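Chemist: Generate coordinates for the sequence data below:
(2 chains)
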Amino acid sequence: MNGLRGLAWLLALQSIGELLSRGLSLPFPGPVIGMLLLLLALQLPLVREPVAVCANFLLSHLSLLFVPVGVGVMTHLGVIGQYGVRMLVVIVLSTWIGLAVTALALHWGRRKTDA
Amino acid sequence: MPDFVQLWVYLSATPLFGLTATLVVYVLAQAAYARLQQAPWANPVLWTVVTLASVLLATGVSYPTYFAGAQFIHFLLGPAVVALAWPLWERRAELLKRWRVLLLAALAGGVAASGSALALGWAFDLPTEVVLSLAPKSVTAPVAMGIADKIGGIPALAAVFAVITGLVGALSGKYLFNALKIPSNATGWVARGFALGTAAHGIGAARALQVNADAGAYAGLALGLQVVLASLLIPLAFRLLGG
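Modeler: Predicted coordinates:
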């Protein structure tokens, strides 16, 4: 029951987020506003307990949720055939750059503050 | 066997097919991943996507037909993004204490990933709308689609790029961090997890979560931060540059 109540909270906050995003033409997508609202709402035990159950379930299966979009790769075989190798090189290199910069910034930053 | 063909034609056209196929293939891929001691190359998302796309292409079932069923899983990405507030809230004490370092690392990593994707995309002479779809690739797929739409990219392509980015991070992160001499101790796990969440969003975070609990929590935190930063800064940067 708590899981279901948690899902109801998540969907309600996402809906409010969508309304705010569209109504006020905010730069954030609806779910992001919903996330910020939930961050505030988690102060309340009424929200916290059910959301904890549902959030842990959803987030532990997060990678499954990317499968439907990922399969969409098959609809772009034309672009991929034409630019596939170059696109892959760009994605791989920029991902490594992003990973390296973040990890090193945090590693050095933390060593400095810990020292 | 005409009966079988008829049944297949009927079944493959119902939403039940897309939903069932996605879940069954993923559960099998997950089991194989566990048996292979969670080797990075055995990533369940990668093999599920490859298997499903091959089956659909081989049997001639169209993507929209598949998606009619798979959309029920896809839909959960929205509430999952909302749910990211939970790992943030759980680590709020740590977050308040170290927010400057974390914010700086998230900003540096996000800018480096997006900036290098744009620069490399242009250097490699890719079409403009493809390059623009590359900009939000470090953000979780549904948010990447929204950002791509705002700056003139192709949302569907942006989502695919985001998934591939996540897979690259999940598959190669370990080796990259080892090469950079990021240790596998308490501080090292934080840096590894946070980097995976920043540059490889949910798929990187899922990998981090399987490897180490701290790494997973920081990956969730980084992924939430990146969603906020990217949806604010990428459209803003393009508005300023575009005039």
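
Chemist: need the contact list for the closest residue to residue B:30 other than its chain neighbours.
Modeler: Once flanking residues are discounted, residue B:30 sits nearest to residue B:44: 4.7 Å by C-beta to C-beta, 6 or more residues apart in numbering or on different chains. For glycine as for every other residue, the C-beta is placed from the backbone atoms N, C-alpha and C. Shown in contact with residue B:44 (C-beta atoms under 8 Å, 6 or more residues apart in numbering or on different chains): A:63, B:26, B:29, B:30, B:32, B:33.

Chemist: quick one: the first one and residue B:200 touch, right?
Modeler: No - between residue A:63 and residue B:200 there is no contact under C-beta atoms under 8 Å: 11.0 Å.

Chemist: who's more crowded, the two?
Modeler: For residue A:63 and residue B:200, the more surrounded residue by other C-beta atoms under 10 Å in any protein chain shown is residue B:200, and the numbers stand at 35 against 28.

Chemist: For residue B:148, give me its contacts.
Modeler: With C-beta under 8 Å, 6+ apart, residue B:148 has these contacts: B:132, B:133, B:135, B:136, B:154, B:155, B:157, B:158.

Chemist: Report the residue ranges of every domain in chain A.
Modeler: With domains defined by automatic domain parsing, chain A comprises A:1-60, A:68-115.

Chemist: typo on my end, it should be chain B
Modeler: Split by automatic domain parsing, chain B gives B:2-75, B:80-242.

Chemist: so which strand or helix has residue B:51?
Modeler: Using DSSP states H and E, residue B:51 sits in helix B:44-59.

Chemist: hang on, the earlier thing: most neighbours per residue, which of the domains of chain B?
Modeler: domain B:80-242 (a mean of 23; mean count of other C-beta atoms under 10 Å in any protein chain shown).

Chemist: Return the member of the contacts of residue B:148 nearest to chain A.
Modeler: Of all these, the one with the least separation from chain A (C-beta to the nearest C-beta) is residue B:157, at 6.1 Å.

Chemist: where exactly do the helices run in chain A?
Modeler: A:2-23, A:30-41, A:45-60, A:67-71, A:77-114 (DSSP state H).

Chemist: ok, back up a step: list the residues that are in contact with both of residue A:63 and residue B:200.
Modeler: In contact with both residue A:63 and residue B:200: residue B:207, using C-beta under 8 Å, 6+ apart.

Chemist: give the contact list for residue A:80.
Modeler: Residue A:80 makes contacts with A:73, A:87, as judged by C-beta under 8 Å, 6+ apart.

Chemist: any idea how far it lies from residue B:157?
Modeler: For residue A:80, the distance to residue B:157 equals 10 Å [C-beta to C-beta, to the nearest Å].

Chemist: which element follows the helix holding residue B:51 toward the C-terminus?
Modeler: helix B:63-75.

Chemist: Just the contacts of residue B:44: which are in helices?
Modeler: Judged by DSSP H, the contacts of residue B:44 include B:26, B:29, B:30, B:32, B:33 as members of helices.

Chemist: which is the next helix or strand following the longest helix along chain B?
Modeler: Longest helix in chain B by number of residues, with DSSP H as the criterion: helix B:92-123. Using DSSP H and E, the helix or strand that follows helix B:92-123 towards the C-terminus is helix B:128-134.

Chemist: buried ones in the worst-scoring helix or strand of chain A on mean pLDDT?
Modeler: Between all helices and strands in chain A, the lowest mean by mean pLDDT, DSSP states H and E belongs to helix A:77-114, at a mean of 85. Of the residues in helix A:77-114, A:79-80, A:83, A:86-87, A:90-92, A:94-107, A:109-110 count as buried by neighbour count, 16 or more other C-beta atoms under 10 Å in any protein chain shown.

Chemist: Any stretches of chain B with poor pLDDT?
Modeler: For chain B, residues meeting the criterion pLDDT under 70 lie at B:1-2, B:242-243.

Chemist: Sweet, I'm off.
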